[in-house]
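Peer 1: one predicted model, sequence on top.
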There are 2 protein chains.
Amino acid sequence: MAKTVTLPPIVHPTLDEITVEGVLRALADPVRLGIVRQLAAADHEIACGGLTVPVTKSTITHHLSILRQAGVVAGRQEGTTRFNSLRRNDLDTLFPGLLAGVLAAPR
Amino acid sequence: MAKTVTLPPIVHPTLDEITVEGVLRALADPVRLGIVRQLAAADHEIACGGLTVPVTKSTITHHLSILRQAGVVAGRQEGTTRFNSLRRNDLDTLFPGLLAGVLAAPR
DNA sequence: CGACAATTTCGATCGGCGTCGTACAATGGA
DNA sequence: TCCATTGTACGACGCCGATCGAAATTGTCG
């Protein structure tokens, strides 16, 4: 059998668990905003190691955890690699225009 | 004489001085988010004392200062009273949809 | 099995920020 | 002139979060 999912499943908040304040807090950090921008620019998944950020790996893990708990980012496990993607549809549903407005900012 | 403007003029950032991260940081606080919601709901100016928030006066002053420095709120002095209003047009110009998305949130 | 690679977890540190109370300044009216 | 009202300035305190390094977990490949 090829099924080897021993890792604890990654938990994501459901739509009704996502709060606007949580999302704003998650986005209100330069490192996390950079991560979100990279995920939005390349509209495919990106592994932790594929992110360009000026912090260590463990700090990246911390930021991704916050982004996931806030409902901004989704994570998918594949082997030892974790692929991250923007929950664009969900965010657009809850807070239409928010993400677009943030990403429209030149800087 | 009726003209008595001796107070230091309130400074507001110009459009090119407003950053998305500054705005997000300003909005990422429950008290400040409440203030913004009140200003948005009543689309007229509100004095500091007219805001309903669970903190002391001096803390309100602090939060309004942050909101003003971030470019979210504009202040206008009239006598001893300071009237505050949302810089809705400016924010919509810089980050179209952001404010709408935030205000669309049920909670 | 053993080595390596990807990521997480843990513990510790350190700075920033939200909060308050008090004192202070400015304005307008009695 | 004196006082009430409105808001600001300042100092202090406590807590949360961003950061790092080291150790642990998990999976893959020889």
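Peer 2: Received the coordinates, thanks. Values in this document were obtained by computation on a predicted structure and should not be read as measured data.

Peer 1: need the CA coordinates for the longest helix anywhere in chain A. CSV is fine.
Peer 2: In chain A, with assignment by DSSP state H, the single longest helix is helix A:57-70. Extracted C-alpha coordinates of helix A:57-70, given in CSV (Å, rounded to 0.1, in the frame of the first residue of the first chain):
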residue,chain,number,x,y,z
LYS,A,57,13.3,28.2,8.6
SER,A,58,11.8,27.8,12.1
THR,A,59,10.5,31.4,11.9
ILE,A,60,8.9,30.6,8.5
THR,A,61,7.2,27.7,10.1
HIS,A,62,5.8,30.0,12.8
HIS,A,63,4.5,32.5,10.2
LEU,A,64,2.9,29.9,8.1
SER,A,65,1.3,28.5,11.2
ILE,A,66,-0.3,31.9,11.9
LEU,A,67,-1.3,32.3,8.3
ARG,A,68,-3.0,28.9,8.4
GLN,A,69,-4.7,29.5,11.7
ALA,A,70,-6.1,32.8,10.4
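
Peer 1: what about it, distance to the chain center?
Peer 2: In terms of C-alpha atoms, centre = their mean, to the nearest Å, the centre of helix A:57-70 is found 8 Å from the chain centre.

Peer 1: so after that helix, what's the next helix or strand?
Peer 2: Per DSSP states H and E, helix A:57-70 leads on to strand A:73-78 as the next helix or strand towards the C-terminus.

Peer 1: give me the contact list for the helix or strand just after that following strand.
Peer 2: Past strand A:73-78, further along toward the C-terminus, the next helix or strand under DSSP H and E is strand A:81-86. Residues from elsewhere that reach strand A:81-86, judged by C-beta atoms under 8 Å, 6 or more residues apart in numbering or on different chains: A:10, A:35-36, A:39-40, A:43-49, A:51, A:64, A:67, A:72-77, A:99. Just so you know, the C-beta spots here come from the backbone N, C-alpha and C atoms, and that holds for glycine as well.

Peer 1: let's see that with 10 Å instead.
Peer 2: Contacts with strand A:81-86, where a contact means C-beta atoms under 10 Å, 6 or more residues apart in numbering or on different chains, come from A:7, A:10, A:35-40, A:42-51, A:60-61, A:64, A:67-68, A:72-77, A:99, A:103.

Peer 1: I'd like the average pLDDT over it.
Peer 2: In this model, strand A:81-86 has an average pLDDT of 97.

Peer 1: equivalent analysis for stretch A:57-72, please.
Peer 2: Stretch A:57-72 shows an average pLDDT of 98 in the prediction.

Peer 1: now the terminal residues of stretch A:87-103, how far apart.
Peer 2: With C-alpha to C-alpha, to the nearest Å as the measure, the ends of stretch A:87-103 fall 14 Å from one another.
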